[in-house]
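> How does the following fold in three dimensions:
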Amino acid sequence: MSVKFEESSRLLDTIKSMLASATSSILIVTYSIDQEAASEILTRAASGVNTVLVTADKDWARWLKNQSEAYKKDEEKRLYRELRRNESIYAQIIYFTSIISIAIAIIDIILYFMMGSLIYYDVPLSLIAIGFLIYYGIRKRREALSQISILRESVQNFVQEVSQIRDKIKEKLKIIEIDSQVSFSIVSCDDKTILFSAPLKFSMDKPSVHVVMEISKQLADQLVNLILKIS
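Here you go, the predicted model:
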């Protein structure tokens, strides 16, 4: 068990390196975390590493708990909105092409009854206009249908991928909320464990110096049990 003093940036580099290299297990005990740290914890659990977080920071603890259902939910909703928008455009193309074609035919009929006969160039112009509308509508429908097919495939792949990640988060991430405030943090990754006098925050406001102690995994487990007992 060695004790040393480390500047905050160097301590942060050590923690990030430990988390990035973890392959089997992560244990974190801390009284406070930030968004970047929470995101890294989530990423490691999503990658398949058994991750346990013991914290008094209830806001981020509950955010992490919620990620088993809410992970990338906003992006999923955005893709569905985009798909529905393109499906709506596809339907509108059919609707407006039909409406305008019918309107041209009705105008011809009205002119016929008002004038008793149609001007010799009216019918050809009407047919040309309707033909152009049909051609334009078919082309735009093909473009919209192609975009819809691409989006449907993207949505399907995205939902499948995200669903697997959410299942992985639910399986691998365990959050334990505590009421008591601890005055230290523990990060244990695989066979390396450190205890230090700072919260687990990746964004440091200003440089600081902290006590850092390398301890055994067994001692870390004992400290966790003690914290849970008094919490």
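
> how does this structure divide into domains?
With domains defined by the TED database, the chain comprises 1-55+177-228, 75-167.

> now these as a markdown table including distance to residue 67, mean pLDDT and mean neighbour count?
Just so you know, the C-beta spots here come from the backbone N, C-alpha and C atoms, and that holds for glycine as well. As requested, the domains of the chain are arranged in a markdown table below (distance: least, CB to CB, whole Å; pLDDT from 0 to 100; neighbours: other CB atoms under 10 Å):
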| stretch | distance to residue 67 | mean pLDDT | mean neighbour count |
| --- | --- | --- | --- |
| domain 1-55+177-228 | 6 | 92 | 16 |
| domain 75-167 | 8 | 77 | 13 |
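
> so which of those gets nearest residue 61?
Taking CB to CB, domain 1-55+177-228 is the member of those nearest to residue 61, at 5.0 Å.

> The nearest residue to residue 192 once chain neighbours are set aside: what's it in contact with?
Once flanking residues are discounted, residue 192 sits nearest to residue 18: 6.0 Å by CB to CB, 6 or more residues apart in numbering. Neighbouring residues of residue 18 by CB atoms under 8 Å, 6 or more residues apart in numbering: 187, 189, 192, 194.

> what about the helix or strand hosting residue 19, distance to the chain center?
Using DSSP states H and E, residue 19 falls within helix 8-21. Distance of helix 8-21 from the chain centroid (CA atoms, centre = their mean, to the nearest Å) equals 25 Å.

> what's the following helix or strand after it?
Assigned by DSSP H and E, the successor of helix 8-21 is strand 25-30.

> what helices or strands is that following strand leaning on?
With contacts defined as 3 or more CB pairs under 8 Å, 6 or more residues apart in numbering; DSSP states H and E, strand 25-30 has these neighbours: helix 35-46, strand 50-55, strand 185-189, helix 217-230.

> quick one: whichever helix or strand comes after the second one to helix 35-46, angle?
Next in sequence after strand 50-55, counting helices and strands by DSSP H and E, comes helix 58-70. For helix 58-70 against helix 35-46, the angle by axes from the mean of the first three to the mean of the last three CA atoms, to 10 degrees is 40 degrees.

> Check which helices and strands helix 58-70 is in contact with.
Going by 3+ CB pairs under 8 Å, 6+ apart, helix 58-70 lies up against helix 35-46, strand 50-55, helix 122-172, strand 173-177.

> okay, these in JSON lines with distance to residue 29 next?
Shown next, in JSON lines, are the helices and strands packed on helix 58-70 (distance: least, CB to CB, whole Å):
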{"stretch": "helix 35-46", "distance to residue 29": "12"}
{"stretch": "strand 50-55", "distance to residue 29": "5"}
{"stretch": "helix 122-172", "distance to residue 29": "18"}
{"stretch": "strand 173-177", "distance to residue 29": "9"}
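
> wait, which of these is closest to residue 86?
helix 122-172 (5.0 Å).

> Packing partners of the closest one?
Helix 122-172 packs on helix 35-46, helix 58-70, helix 73-115, going by 3+ CB pairs under 8 Å, 6+ apart.

> if you skip the residues just before and after it, what's nearest to the spatially most central residue of the chain?
Nearest residue to the geometric centre of the chain (CA atoms, centre = their mean): residue 72, 2.0 Å. With CB to CB, 6+ apart as the criterion, residue 72 has its nearest non-adjacent residue at 5.1 Å, and that residue is residue 162.

> From residue 38, how far off is the one you found?
Separation of residue 162 from residue 38 (CB to CB, to the nearest Å): 18 Å.

> circling back: take the domains of the chain and lay them out in TSV including distance to residue 61.
Formatted as TSV, these follow (distance: least, CB to CB, whole Å):
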stretch	distance to residue 61
domain 1-55+177-228	5
domain 75-167	18
